[in-house]
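Novice: Provide a 3D model corresponding to the input given below.
(2 chains)
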Amino acid sequence: MSTYTNEQVAHLVEGTLDWETTFRMLSMPKDHSRFEQYVAALQAKVGFKDKIVLPLGPHLYIVQSAKTKEWVTQCDCGHVFADYRENWKLHAAIYVRDTEEAMTEVYPKLMAPDTQWQVYREYYCPTCGTMHDVEAPTPWYPVIHDFEPDIEAFYKDWMGLPVPERA
Amino acid sequence: MNMMNKNELGFADLLKNGQTLKQFRDGIIERTQASGCYNGIEKLEFRDSDPIGYEKLFSKLRGGLVHARETAKKIAASPIVEQEGELCFTLYNAVGDCVLTSTGIIIHVGTMGAAIKYMIENNWEANPGINPGDMFTNNDCSIGNVHPCDIATIVPIFWEGRLIGWVGGVTHVIDTGSVTPGSMSTGQTQRFGDGYMITCRKTGINDEPLRDWLHESQRSVRTPKYWILDEKTRIAGCHMIRELVEDVIRADGIEAYEKFAYEVIEEGRRGLMSRIKAMTLPGKYRKVSFVDVPYKHEDVQVSNAFAKLDSIMHSPCEMTIKPDGKWRLDFEGASRWGWHTFNAHQVAFTSGIWVMMCQTLVPTQRINDGAYYATEFRLPKGTWCNPDDRRTGHAYAWHFLVSGWAALWRGLGQSYFSRGYLEEVNAGNANTSNWLQGGGINQDGEIHAVNSFEASSCGTGACAVKDGLNHAAAIWNPEGDMGDIEIWEMAEPLLYLGRNVKANSGGYGKYRGGCGFETLRMVWNAQDWTMFFMGNGFMNSDWGLMGGYPSATGYRFEAHKTGLENRIAIGDSLPLGGDLDPSNPDYERHLDATATVKRDKQCITTEDCYANHDLYLNYLRGGPGFGDPIDREPKAIEGDLNQKFLLPEYAEKVYGAVFTQDAKGVFTVDAAKTQARRAVIRKERLARALPTREWMKEERERILNKHASIQVQHMFATSFALSEKFTQQFKDFWNLPADWLVREEELGVPSYGSKHRMDLSLLPDVTTVVQVEE
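Specialist: Residues are numbered from 1 along each chain as shown, chains lettered A, B, ... in the order given. Presented below is the predicted three-dimensional model:
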C-alpha cells in the first residue's frame, strides 16, 4: 500500500498534485490514512473553527459546531443549512431554469433540455452564492435527499477512529 | 414404420454424480444462502494452502481468455468487432456461474451464464441433450441477453466424459434482421420486430455448425458475410478456451481446476466487499436519472398506434452501503417498460453493471460472478429494468441501462469524495449516442446495414481533480475506440466532411466534463440508402456533480437536396468541419437554397431516405461536470477557448471569464477581472433565487393543478401504478391530499400494457431464472 505526505494530500485537495502521484493514487491500493489527512487539509483551509466531521462537497461539510457540539451541514463561508440529518437543499436558495430563455443562458441553442421535459434546479448558499448542486429532474420531482451517511459505522467500524462528540 | 428413439429423454448424468444439473445448481444456491458464502465455501482452502499454484492457475486462465479474444477478433470482418473490440469470452463452471472473463464488453459476465442457467432449469440435458462438441447459440433478450445483436455461442466443456464447465463467446453483430437495419434499430416496438431471435438453440455438433442453422441464420440478416465471420470468431475463441482448460487440467489436475472454478467466485465475492470497505462510505445514497422517449413525432414511424406517444424513463436508485461491506441497489419507483426497444432484462442490469464497476470500484482482472453474490439487487417486476411482459423490445437496452447507471456514478462519486479519494470521483458518463444506423445498397452494390460505433468514444465525466477526457470512451466498453475514418469509409458509403471536437458538449464545472465530437457524413455511391438517429435530445441523463452542470443534450442535423454534387463540380464552398455554434449555424450557408434541412431536438427517428450527397451529422455526447463553474481556473478556460472546446459567450456567462482576443484570434483570460466578475455573479444568483421552501409552495400548486406536460405526467403515472411506496413518498414530500393521483387513463394517450400483461413464465413448459428481488 502506498502512503502519501500531508503536503501531497493538501495538493490533491487544491487540484495541484503532480500527475505521477495522482496516477499512483489511482493505480495502487488505497491508503487507509487518507481520510484523516484529507480532513486535516480541509480543516486548515476553511475559515471556521467548527470541526469537520465529513466533507460533502467542494464547499460543503458536516461539521461539529464549536459552540453547541451539534452536527450540522455547513458551507465554507460558515452558513449553517440545517441539522446534518436533514436535506440541506430544503434550506438553500434555489433557481430553477424552466424556460428556454433561462436554458440558453447556459447552453447554445438545441444543446439544453426542453423544459417541458426537464428543468435545472440550481442550489445556492443563501449567504455567499456558491452553487452547491445542480439537479436535472422533471418538473414535479421531489427535492432529492442525496446522501445519508452512516458516520458512526464509518468512524468506528471502518476507520477505527473515535466518533466526534455530538450534542 | 417410423421408430421413435426415446433415449434422449432419459437422465444424462452429465456430472457423473447421480445429480441432474438442476439438482447440482439447487445445492449450490442452498449452500450459498445458508452460509452467506458462495457454495458454502467458508475457507479459501486452495488459495490459502497453495497461493502460488492458485495464482498460476488464475493467470493461465485469464491470460488464455484475453489471448483468445485478441486472436479470434482478427477473424471478424465487421469493424464493430475487429476495430471496436465488441466481443468477449467468458469461462463458466458447470452451473453457469462465471469463473473468469476476458477483456472487452464484460457486461456478458452474466448474460451467457443466464442462458446456461436457462438450459439447466429447462432440462436441456434431456432434450436437446448436451454432448462434447455441441454448440448452443443464444441472443434471447427475455432470458438475459442485453440486446439481440449480442450473439452468444456457448460450448460445454467435458473432461473424461463429465461436464465440468462451459465457455461462451459473444460478438455484437452489425445486423439482426430486425424491422429496420442496424444492430440497435428503433423502427420496431416489440420483440416480434427486434430481429432474428435464438433461444439457446443447439446449432452445432462435433464442433461443426449444423447446416440448417447456417442456411437459416445467414438469410435472416442483412449482412451475411459479417454474420458468418462473426460466428467463426466466436467458435474459434470458444474452442481455444476449451483447449486451454484441457491443457490446464492436464498440467494441474482436474481436482485443482474444479476447486479453483468455485473458490475463485467466493474470492470475487469477498473481493468486492473489501473494495467497498476500502474505498466507499456506509450510508444511503439516492440518485435518479431519466431518458426522453419522444415517439409522438412524425419522424418516428412505427407500425403500432399504441406506441405513438412521448414518454420518459424514470430510474431512481437507492444505493445502500452496509457496515459489513455488502451493498444493495434498489430501483423502487422505476417507470414501466414501454413500446420501444430500450427495455432491459434483469440480467442485462445485474450483469452489465460490472462493465461500469470495473472502471471504478473493481478495476481488477478478477471480475466474475462473485461480485453478483456480494450485491443485493432489487428491480421491481414490471419496470423497464425487469419487464413482466413477453412482448417487450430490447434492441437498444443500453439506452436506458447506461442512463440508469449514471446515477450510480454520482452515488459512488459522493462516497469517494467524502472519504478523500478525490482521484476516483467521476461525475458520470456521457449518454453514449448518437447512433448512426441505416442500410440499403452500399458502394459495392450489396445489401448492407451500418451501425457506426463512433459512440464508443464519447466524453467522460469530470473528476474532482481534473477534467473529463475528450472523445475518449464509452461506459459499455472500457477498451472502446472511435475507429479510423478510413475503415469507416470502407464499411459505410458515407464520406467524412468533418471530424471535430464538439464545443460546449462537456458539462461545465470547476472541472468540466470531457467534450464529445461530431462527424459530418455525406452519402456517397449508395443506392436506396436509409439512415436514422438514436440518442437523447429533449432530456439529459447525465447530471453534473456537486455544482457541476450536466453535459449538453443532443440534437439532430440532416440535409437533403443539398446541391453538393454540383457545388463540388464547380468548386463552390462546402460544409466542412464541425457545427461549431448551433445558435448561429454555418452548414446551411454552403448548401443550395433549395436544400431541405432538419435541425431540431428529435434525436430518435426511424429509417428515412437519403440520396447521394445528402448530409448527416453524427454528434457524440460529452460528459458531465464537477463543482461550481466559477471555481474554474482562468487558465483552463483560456485553454478551452483557444482549442474551440468552449464558445466565448458561455465563457462569460457560465464561468464569469473576462477575456480579450488578439488579432490572431488568441484568447487571454484576465484573472483579476474574472475574480471581480465572479463576485458579481454570486450576487446575481442570490437576486434571482428563492428559498427552496418558498419555491416548493409554487411547485405544489402546479402539481395540485396537474400542470405539467403529458410525458412528465405519464412517467409519474407509470411509476405510481407500480409502486405504492414511491407514490406515498411523492405525496408525503409535496403534502398532497390523500385522493390526489395521476393515472394513465386520464392523460388521453394510448395506455396499452398498463393493465394487461403476460410474462414469459406463463408460457407452457418454461421455467424462468430469477436472479434479483422483484
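
Novice: which residue packs closest to the residue nearest the centre of chain A, ignoring adjacent ones?
Specialist: Central residue of chain A (CA atoms, centre = their mean): residue A:57, 1.4 Å from the mean position. Closest residue to residue A:57 apart from its sequence neighbours, by CB to CB, 6 or more residues apart in numbering or on different chains: residue B:546 at 4.1 Å. Just so you know, the C-beta spots here come from the backbone N, C-alpha and C atoms, and that holds for glycine as well.

Novice: For the one you found, give me its contacts.
Specialist: A:57, A:58, A:60, A:132, A:133, B:417, B:464, B:626, B:627 (CB atoms under 8 Å, 6 or more residues apart in numbering or on different chains).

Novice: cool, residue B:353 as well?
Specialist: Here residue B:353 is in contact with B:329, B:405, B:408 (CB under 8 Å, 6+ apart).

Novice: ok, so what distance separates it from chain A?
Specialist: Going from residue B:353 to chain A by CB to the nearest CB, to the nearest Å gives 20 Å.

Novice: re earlier: show me the contacts of residue B:546 that map onto strands.
Specialist: The strands, defined by DSSP state E, take in A:57, A:60, A:132, A:133 from the contacts of residue B:546.

Novice: What is the neighbour count of the nearest residue to the second one once chain neighbours are set aside?
Specialist: So that's residue A:60. Computed as CB to CB, 6+ apart, the closest residue to residue A:60 that is not its neighbour in sequence is residue A:132, at 5.2 Å. Applying other CB atoms under 10 Å in any protein chain shown, we find 24 residues neighbouring residue A:132.

Novice: if we can go back for a sec, can I assume the residue nearest to the centre of chain A is in contact with residue B:417?
Specialist: Yes: counting by CB atoms under 8 Å, residue A:57 sits close enough to residue B:417 to count as a contact (7.1 Å).

Novice: quick one: which of the contacts of residue B:353 is nearest to residue B:710?
Specialist: residue B:405 (27.5 Å; CB to CB).

Novice: Pull the contacting residues for the residue in the stretch 601-750 of chain B that chain A sits nearest to.
Specialist: In the stretch 601-750 of chain B, the residue that lies nearest chain A is residue B:682 (3.0 Å; CB to the nearest CB). With contacts defined as CB under 8 Å, 6+ apart, the neighbours of residue B:682 are A:128, A:129, A:130, B:630.

Novice: any idea which helix or strand comes after the longest helix anywhere in chain B?
Specialist: Across chain B, the longest stretch assigned as helix under DSSP state H is helix B:224-252. Using DSSP states H and E, the helix or strand that follows helix B:224-252 in sequence is helix B:254-279.

Novice: Would you mark the buried spots in that next one?
Specialist: B:256-273, B:275-279 (16 or more other CB atoms under 10 Å in any protein chain shown).

Novice: What about chain A: which of those touch it?
Specialist: Filtering the buried residues of helix B:254-279 for neighbours of chain A using CB under 8 Å from any CB of the partner chain leaves B:277, B:278, B:279.

Novice: Using JSON lines, lay out those together with pLDDT.
Specialist: Formatted as JSON lines, those follow (pLDDT from 0 to 100):
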{"residue": "B:277", "pLDDT": "96"}
{"residue": "B:278", "pLDDT": "95"}
{"residue": "B:279", "pLDDT": "96"}
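
Novice: could you redo those as a markdown table and give each row distance to residue B:395?
Specialist: A markdown table is the format used below for these (distance: CB to CB, whole Å):
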| residue | distance to residue B:395 |
| --- | --- |
| B:277 | 39 |
| B:278 | 39 |
| B:279 | 35 |
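
Novice: who's in contact with residue A:120?
Specialist: A:96, A:97, A:103, A:106, A:113, A:134, A:135, A:136, B:549, B:550.

Novice: neighbour-wise, which of these leads?
Specialist: Busiest of the contacts of residue A:120 [other CB under 10 Å] is residue B:550, holding 33 neighbours.

Novice: That one against residue B:544, yeah?
Specialist: Yes: counting by CB under 8 Å, residue B:544 is a contact partner of residue B:550 at 5.3 Å.

Novice: how much space between residue B:657 and residue B:204?
Specialist: Remark: distance between residue B:657 and residue B:204 (CB to CB, to the nearest Å) = 63 Å.

Novice: my bad, residue B:317
Specialist: From residue B:317 to residue B:204 the distance is 41 Å (CB to CB).

Novice: Please pull out the lowest mean pLDDT helix or strand from chain B.
Specialist: helix B:79-82 (a mean of 83; mean pLDDT, DSSP states H and E).

Novice: Is the helix ranked longest in chain A in proximity to chain B?
Specialist: Scanning chain A for the helix with the most residues, using DSSP H, yields helix A:34-45. Yes: judged by CB under 8 Å from any CB, helix A:34-45 and chain B are in contact via A:34, A:35, A:37, A:38, A:39.

Novice: if we can go back for a sec, nearest to residue A:141 among the ones next to chain A among the buried residues of helix B:254-279?
Specialist: Nearest to residue A:141 among these: residue B:279, at 29.5 Å, using CB to CB.

Novice: Might you report the residue contacts of the closest one?
Specialist: A:30, B:361, B:415, B:416, B:419, B:421, B:424.

Novice: and the third one, helix, strand or coil?
Specialist: Assigned state for residue B:415: helix (three-state reduction, DSSP: H, G, I helix; E, B strand; the rest coil).

Novice: How far away from the center of its chain is stretch B:458-475?
Specialist: Relative to its parent chain, stretch B:458-475 has a centroid offset of 17 Å by CA atoms, centre = their mean, to the nearest Å.

Novice: Just the terminal-to-terminal distance for it.
Specialist: 9 Å (CA to CA, to the nearest Å).

Novice: How about stretch B:476-492?
Specialist: 23 Å.

Novice: What mean pLDDT does it get?
Specialist: Throughout stretch B:476-492, pLDDT has a mean value of 86.
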